[in-house]
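J.: Here's a sequence, model it:
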Amino acid sequence: VADTPRRTELLNRLDTLANTTTAVGKGFLGGITFFTSLILFFASVVIFNLSVNEINILNLAFFVGLMLGALLPYLFSALLLPGVLKAIGSMMDETERQWQDIPFLREAKASPDLVKATIYASNASLNAIIWPGLLVFFMPIIVGVFAGHAGLTGLMLGTLVSGFFISFQFGNTGGALGNV
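T.: Take a look at the predicted model:
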(Lines give C-alpha, C1' and ligand atoms only; values in the text may rest on other atoms or scores of the structure.)
Protein backbone atom coordinates (compact mmCIF):
# COMPACT_ATOMS: atom_id res chain seq x y z
CA VAL A 1 0.00 0.00 0.00
CA ALA A 2 2.94 2.30 0.70
CA ASP A 3 4.11 2.33 -2.92
CA THR A 4 0.65 2.81 -4.47
CA PRO A 5 1.46 6.31 -5.85
CA ARG A 6 4.61 4.88 -7.46
CA ARG A 7 2.63 2.07 -9.09
CA THR A 8 -0.05 4.51 -10.22
CA GLU A 9 2.60 6.73 -11.83
CA LEU A 10 4.15 3.72 -13.56
CA LEU A 11 0.77 2.54 -14.86
CA ASN A 12 -0.06 6.04 -16.12
CA ARG A 13 3.26 6.20 -17.99
CA LEU A 14 2.65 2.76 -19.52
CA ASP A 15 -0.87 3.80 -20.54
CA THR A 16 0.52 6.94 -22.19
CA LEU A 17 3.08 4.85 -24.05
CA ALA A 18 0.39 2.44 -25.23
CA ASN A 19 -1.84 5.28 -26.44
CA THR A 20 1.05 6.93 -28.29
CA THR A 21 2.06 3.65 -29.92
CA THR A 22 -1.53 3.02 -30.98
CA ALA A 23 -1.87 6.51 -32.46
CA VAL A 24 1.36 6.18 -34.44
CA GLY A 25 0.32 2.73 -35.66
CA LYS A 26 -3.06 4.04 -36.81
CA GLY A 27 -1.34 6.84 -38.70
CA PHE A 28 0.98 4.43 -40.50
CA LEU A 29 -1.90 2.08 -41.22
CA GLY A 30 -4.01 4.88 -42.70
CA GLY A 31 -1.16 6.05 -44.91
CA ILE A 32 -0.30 2.56 -46.11
CA THR A 33 -3.94 1.81 -46.87
CA PHE A 34 -4.33 5.07 -48.77
CA PHE A 35 -1.27 4.52 -50.95
CA THR A 36 -2.14 0.86 -51.58
CA SER A 37 -5.62 1.89 -52.70
CA LEU A 38 -4.17 4.65 -54.85
CA ILE A 39 -1.88 2.13 -56.56
CA LEU A 40 -4.88 -0.13 -57.19
CA PHE A 41 -6.75 2.83 -58.67
CA PHE A 42 -3.92 3.64 -61.09
CA ALA A 43 -3.56 -0.06 -61.92
CA SER A 44 -7.25 -0.21 -62.83
CA VAL A 45 -6.82 2.82 -65.09
CA VAL A 46 -3.95 1.05 -66.88
CA ILE A 47 -5.65 -2.37 -67.00
CA PHE A 48 -8.96 -0.97 -68.26
CA ASN A 49 -7.03 1.29 -70.67
CA LEU A 50 -9.11 4.31 -69.68
CA SER A 51 -8.51 7.68 -71.28
CA VAL A 52 -8.60 11.08 -69.60
CA ASN A 53 -12.08 11.63 -71.04
CA GLU A 54 -13.36 8.54 -69.26
CA ILE A 55 -11.83 9.54 -65.91
CA ASN A 56 -13.56 12.87 -65.90
CA ILE A 57 -16.19 14.14 -63.51
CA LEU A 58 -18.28 15.14 -66.54
CA ASN A 59 -18.45 11.49 -67.61
CA LEU A 60 -21.77 10.27 -66.16
CA ALA A 61 -20.62 6.69 -65.53
CA PHE A 62 -17.48 7.87 -63.72
CA PHE A 63 -19.46 10.44 -61.71
CA VAL A 64 -22.08 7.88 -60.63
CA GLY A 65 -19.32 5.47 -59.60
CA LEU A 66 -17.54 8.26 -57.74
CA MET A 67 -20.68 9.21 -55.78
CA LEU A 68 -21.53 5.59 -54.95
CA GLY A 69 -17.93 5.02 -53.89
CA ALA A 70 -18.03 8.04 -51.60
CA LEU A 71 -21.26 6.70 -50.10
CA LEU A 72 -20.02 3.12 -49.67
CA PRO A 73 -17.93 3.50 -46.45
CA TYR A 74 -20.73 5.42 -44.75
CA LEU A 75 -23.37 2.91 -45.84
CA PHE A 76 -21.13 0.05 -44.73
CA SER A 77 -20.68 1.68 -41.32
CA ALA A 78 -24.39 2.43 -41.00
CA LEU A 79 -25.18 -1.23 -41.62
CA LEU A 80 -22.40 -2.51 -39.38
CA LEU A 81 -22.83 -0.40 -36.25
CA PRO A 82 -26.35 -1.63 -35.31
CA GLY A 83 -25.01 -5.18 -35.60
CA VAL A 84 -22.14 -4.29 -33.29
CA LEU A 85 -24.60 -2.87 -30.76
CA LYS A 86 -26.67 -6.05 -31.00
CA ALA A 87 -23.53 -8.16 -30.49
CA ILE A 88 -22.62 -6.12 -27.41
CA GLY A 89 -26.15 -6.58 -26.08
CA SER A 90 -26.01 -10.35 -26.53
CA MET A 91 -22.65 -10.47 -24.74
CA MET A 92 -24.08 -8.42 -21.87
CA ASP A 93 -27.06 -10.79 -21.66
CA GLU A 94 -24.74 -13.81 -21.59
CA THR A 95 -22.59 -12.20 -18.91
CA GLU A 96 -25.65 -11.47 -16.79
CA ARG A 97 -26.90 -15.02 -17.31
CA GLN A 98 -23.58 -16.45 -16.14
CA TRP A 99 -23.54 -14.14 -13.11
CA GLN A 100 -26.95 -15.52 -12.12
CA ASP A 101 -26.59 -19.19 -13.13
CA ILE A 102 -23.03 -20.09 -12.10
CA PRO A 103 -22.75 -20.40 -8.31
CA PHE A 104 -19.86 -18.57 -6.62
CA LEU A 105 -18.89 -16.68 -9.79
CA ARG A 106 -19.44 -13.32 -8.11
CA GLU A 107 -17.06 -14.31 -5.33
CA ALA A 108 -14.42 -15.38 -7.89
CA LYS A 109 -14.58 -18.95 -6.59
CA ALA A 110 -15.88 -20.34 -9.90
CA SER A 111 -14.87 -19.87 -13.51
CA PRO A 112 -17.10 -18.38 -16.20
CA ASP A 113 -18.13 -20.45 -19.21
CA LEU A 114 -15.68 -18.92 -21.68
CA VAL A 115 -16.58 -21.31 -24.49
CA LYS A 116 -20.23 -20.27 -24.44
CA ALA A 117 -19.26 -16.58 -24.25
CA THR A 118 -16.93 -17.02 -27.23
CA ILE A 119 -19.66 -18.76 -29.21
CA TYR A 120 -22.08 -15.92 -28.46
CA ALA A 121 -19.50 -13.30 -29.48
CA SER A 122 -18.58 -15.16 -32.69
CA ASN A 123 -22.17 -15.75 -33.76
CA ALA A 124 -23.19 -12.17 -33.05
CA SER A 125 -20.16 -10.83 -34.96
CA LEU A 126 -20.79 -13.07 -37.97
CA ASN A 127 -24.46 -12.09 -38.05
CA ALA A 128 -23.52 -8.40 -37.84
CA ILE A 129 -21.24 -8.58 -40.89
CA ILE A 130 -23.64 -10.36 -43.29
CA TRP A 131 -25.36 -7.30 -44.82
CA PRO A 132 -22.30 -5.06 -44.91
CA GLY A 133 -20.32 -7.91 -46.45
CA LEU A 134 -22.93 -8.47 -49.14
CA LEU A 135 -22.91 -4.75 -49.86
CA VAL A 136 -19.18 -4.54 -50.50
CA PHE A 137 -19.26 -7.77 -52.49
CA PHE A 138 -22.11 -6.88 -54.83
CA MET A 139 -21.64 -3.10 -55.19
CA PRO A 140 -18.61 -3.36 -57.54
CA ILE A 141 -20.39 -6.03 -59.58
CA ILE A 142 -23.53 -3.92 -59.96
CA VAL A 143 -21.58 -0.75 -60.79
CA GLY A 144 -19.38 -2.66 -63.22
CA VAL A 145 -22.38 -4.12 -65.04
CA PHE A 146 -24.35 -0.88 -65.26
CA ALA A 147 -21.60 1.77 -65.48
CA GLY A 148 -18.71 -0.15 -67.01
CA HIS A 149 -15.01 0.33 -66.38
CA ALA A 150 -15.28 4.09 -65.90
CA GLY A 151 -17.99 3.64 -63.26
CA LEU A 152 -15.97 0.95 -61.49
CA THR A 153 -12.90 3.19 -61.46
CA GLY A 154 -15.02 6.04 -60.07
CA LEU A 155 -16.31 3.67 -57.39
CA MET A 156 -12.74 2.85 -56.40
CA LEU A 157 -11.68 6.50 -56.26
CA GLY A 158 -14.77 7.56 -54.28
CA THR A 159 -14.27 4.74 -51.79
CA LEU A 160 -10.59 5.58 -51.51
CA VAL A 161 -11.12 9.23 -50.64
CA SER A 162 -14.16 8.77 -48.42
CA GLY A 163 -12.81 5.66 -46.70
CA PHE A 164 -9.49 7.35 -45.96
CA PHE A 165 -11.14 10.12 -43.98
CA ILE A 166 -13.72 7.94 -42.26
CA SER A 167 -10.95 5.59 -41.09
CA PHE A 168 -9.24 8.45 -39.26
CA GLN A 169 -12.57 9.65 -37.89
CA PHE A 170 -13.42 6.23 -36.45
CA GLY A 171 -9.86 5.68 -35.25
CA ASN A 172 -9.81 8.95 -33.34
CA THR A 173 -13.29 8.39 -31.96
CA GLY A 174 -12.34 4.92 -30.75
CA GLY A 175 -9.15 6.24 -29.20
CA ALA A 176 -11.03 8.99 -27.41
CA LEU A 177 -13.66 6.56 -26.12
CA GLY A 178 -10.90 4.20 -24.96
CA ASN A 179 -9.65 6.88 -22.57
CA VAL A 180 -13.03 7.55 -20.99
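
J.: going forward, measure contacts between C-alpha atoms and count neighbours the same way
T.: Fine.

J.: By mean pLDDT, which helix or strand of the protein comes out lowest?
T.: Of all the helices and strands that make up the chain, helix 4-48 has the lowest average by mean pLDDT, DSSP states H and E, namely a mean of 83.

J.: what ranges do the helices span in the protein?
T.: Counting by DSSP state H, the chain has helices at residues 4-48, 60-101, 114-178.

J.: Mind pulling up the pLDDT for the closest residue to Ile166 other than its chain neighbours?
T.: Nearest-residue entry for Ile166: Pro73, 7.4 Å, with adjacent residues in sequence omitted and distances by Cα to Cα, 6 or more residues apart in numbering. Pro73 carries a pLDDT score of 93 in this model.

J.: Repeat that for Leu126.
T.: Among the per-residue scores, Leu126 shows a pLDDT of 90.

J.: for Ala2, same thing?
T.: Residue-level confidence at Ala2 comes out at 50, pLDDT.

J.: What of Asn49?
T.: Per-residue confidence for Asn49 comes out at a pLDDT of 89.

J.: Need phi/psi at it.
T.: Main-chain torsions, Asn49, degrees, to the nearest 10: phi 60, psi 50.

J.: same deal with Leu105?
T.: phi -70, psi -40.

J.: Who are the contact partners of it?
T.: 98-99, 111-112 (Cα atoms under 8 Å, 6 or more residues apart in numbering).

J.: Just the buried ones from these?
T.: Under a neighbour-count criterion of 16 or more other Cα atoms under 10 Å, the subset of these counted as buried comprises 98, 112.

J.: between the contacts of Leu105, which is closest to Ile129?
T.: Each of the contacts of Leu105 was scored against Ile129 by Cα to Cα, and Gln98 proved nearest at 26.1 Å.

J.: and that closest one, what does it touch?
T.: 105, 112-113.

J.: returning to that earlier point: distance to Ala18 added to the contacts of Leu105, as a markdown table?
T.: Putting these into a markdown table (distance: Cα to Cα, whole Å) gives the following:
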| residue | distance to Ala18 |
| --- | --- |
| Gln98 | 32 |
| Trp99 | 32 |
| Ser111 | 29 |
| Pro112 | 29 |
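
J.: Between the helices of the chain, which one is closest to Glu54.
T.: Minimum separation from Glu54 across those (Cα to Cα) falls at helix 114-178, 5.9 Å.

J.: Excluding residues flanking it in the chain, which one is nearest Thr159?
T.: In space, Thr159 comes closest to Gly69 once its chain neighbours are excluded; the distance is 4.2 Å by Cα to Cα, 6+ apart.

J.: The one you found reaches Leu157, doesn't it?
T.: Yes - using Cα atoms under 8 Å, Gly69 makes contact with Leu157 at a distance of 6.8 Å.
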